[in-house]
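In: Coordinates for the following, if possible.
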Amino acid sequence: MDVLNILLLFGVGLVAGVINTLAGGGSLLTLPALIFLNLPPNVANATNRIGVFFNGLMSWRGYHSKGVKAEKYDLWLSATSFIGAILGSYVAVDIKGETFNRILAAIIVFIVAYMVFGKKLQSGNQIKTTKKSKIIGLITFFFIGIYGGFIQAGVGYIIIASMSFIHNYGMV
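Out: Down below sits the predicted model:
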């Protein structure tokens, strides 16, 4: 890999890290960049997860240092999304590179279009924590896990949107 490619990856990684810290979606930059540099799509997808893991770890550490702790429901959401992610990762490993690239392109177009033209996320006046909303949240997070295990790109935005729509949680 030449110096120009290394600089490109460094720059894209830096911008993606900032984006991920603010709201998620940095993988929408890093994954295409890795594929552009001729990594096979499944290798690019797996390589991208290294940055996602460390970004998540640093985010958890930052929230933890501010006294934010996971509640019981949060742990259930994590467990259901983890199970979904395992299923999604099996799909990602077995899919053909050309098919993966087409799906990634469609997802990028959809997420960018939604971010530009879609309804702005706002929280309602009161957080919903009814039994029904919690069940809907668990089911939603299972499918978010499948998507995250499969492709990861934009999953932070999907998580924020789902928590806003299902439970009226604010962005913070």
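In: which stretch of helix or strand covers residue 62?
Out: Assigned by DSSP states H and E, residue 62 belongs to helix 41-65.
In: repeat for residue 127
Out: Here residue 127, judged by DSSP H and E, is contained in no helix and no strand.
In: Okay, it and residue 159: tell me how far apart.
Out: Separation of residue 127 from residue 159 (C-beta to C-beta, to the nearest Å): 16 Å. Yep, even glycine has a C-beta here, placed from its N, CA and C like the rest.
In: Residue 88 now?
Out: 14 Å.
In: neighbour count winner among these two?
Out: residue 88 (21 against 18; other C-beta atoms under 10 Å).
In: residues contacting the more buried one?
Out: Counting by C-beta atoms under 8 Å, 6 or more residues apart in numbering, residue 88 makes contact with 145-151.
In: Report the two of the residues you listed separated the most.
Out: Farthest-apart pair in the contacts of residue 88 is 145 and 151; separation 11.9 Å (C-beta to C-beta).
In: Contacts made by the helix holding residue 62 with the rest, please.
Out: 13, 16-17, 20-21, 26-27, 30-31, 34-35, 39, 92-93, 95, 97, 100-101, 104, 151-153.
In: any idea how far the closest residue to residue 158 other than its chain neighbours lies from residue 159?
Out: Once flanking residues are discounted, residue 158 sits nearest to residue 144: 5.7 Å by C-beta to C-beta, 6 or more residues apart in numbering. The gap separating residue 144 from residue 159 is 6 Å, by C-beta to C-beta.
In: Also residue 71?
Out: For residue 71, the distance to residue 159 - C-beta to C-beta - is 16 Å.
In: With adjacent residues omitted, what lies nearest to the residue nearest the centre of the chain?
Out: Central residue of the chain (C-alpha atoms, centre = their mean): residue 155, 2.2 Å from the mean position. Of all residues beyond its chain neighbours, the one nearest residue 155 is residue 148 (4.3 Å), with distances taken as C-beta to C-beta, 6+ apart.
In: what residues does the helix or strand containing residue 100 touch?
Out: Using DSSP H and E, residue 100 falls within helix 97-117. Residues outside helix 97-117 that contact it (C-beta under 8 Å, 6+ apart): 25, 28, 31-32, 35, 40-42, 45, 92, 95, 151, 153-154, 157.
In: shaky segments in this structure?
Out: 1, 23, 115, 118-126, 170-172 (pLDDT under 70).
In: rerun at 50
Out: In the prediction, the chain carries no residues with pLDDT under 50.
In: Do I have it right that residue 127 meets residue 164?
Out: No - checked against C-beta atoms under 8 Å, the pair residue 127 and residue 164 is beyond contact range at 10.5 Å.
In: what residues does the helix or strand hosting residue 135 touch?
Out: For residue 135, the host element (DSSP H and E) is helix 131-150. Residues external to helix 131-150 that are found in contact with it (C-beta under 8 Å, 6+ apart): 73, 76-78, 80-92, 155, 158-159, 162-163, 166-167.
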